[in-house]
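Colleague: show me the folded form of this:
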Amino acid sequence: HVQLVESGGGSVQVGGSLRLSCAVSEVRHDSGCLSWFRQAPGKEREGVAAIDEDNSTIYAMSVKGRFTISKDNAKNTLYLQMNSLKPEDTAMYYCAAGRSWYCILRDDAFNYWGQGTQVTVS
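Modeller: All right, here's what the predicted structure looks like:
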């Protein structure tokens, strides 16, 4: 069972930056795609960014150009660099792992989920 642990959330001013990290316990055949999702109060969870085994990335339009997803394979760690933060970026952020051949920003593409880390922009 793959375990994911997020860190790096917090409170930041509008226009500021944060970097989220996600420690991944192991890489398996069904966890080659890594992603970030977020959920704001009263809203559905939405995909933010994903990265596959070849380091190809996809982003939600709402964060493109401001957020960067990356990973360090040696450390089994996923990152999300968030710049130019806006109040609408306020949410609980989750990392998720899923099958590399189905690496898209949909909930059902991911088998494993972390507990989340809160980001508040004000």
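Colleague: now D107: closest residue in space that isn't a chain neighbour?
Modeller: In space, and not counting its chain neighbours, D107 is closest to R45: 6.3 Å by Cβ to Cβ, 6 or more residues apart in numbering. All C-beta atoms are positioned from the backbone trio N, CA, C, and that covers glycine.
Colleague: surely that neighbour meets A60?
Modeller: No: R45 lies out of contact with A60 (Cβ atoms under 8 Å); the separation is 11.7 Å.
Colleague: what ranges do the strands span in the protein?
Modeller: In the chain, the strands defined using DSSP state E lie at 4-7, 10-12, 18-24, 33-39, 46-51, 57-59, 67-72, 77-82, 91-98, 110-113, 117-121.
Colleague: what sits up against the helix or strand bottoming out on mean pLDDT in the chain?
Modeller: Taking mean pLDDT, DSSP states H and E as the measure, the chain has strand 110-113 as its least confident helix or strand, at a mean of 94. Residues from elsewhere that reach strand 110-113 (Cβ atoms under 8 Å, 6 or more residues apart in numbering): 1-4, 30-31, 33, 35, 37, 94-99.
Colleague: pull the most distant pair out of these.
Modeller: Within the contacts of strand 110-113, two members stand farthest from each other by Cβ to Cβ: H1 and F37, at 19.2 Å.
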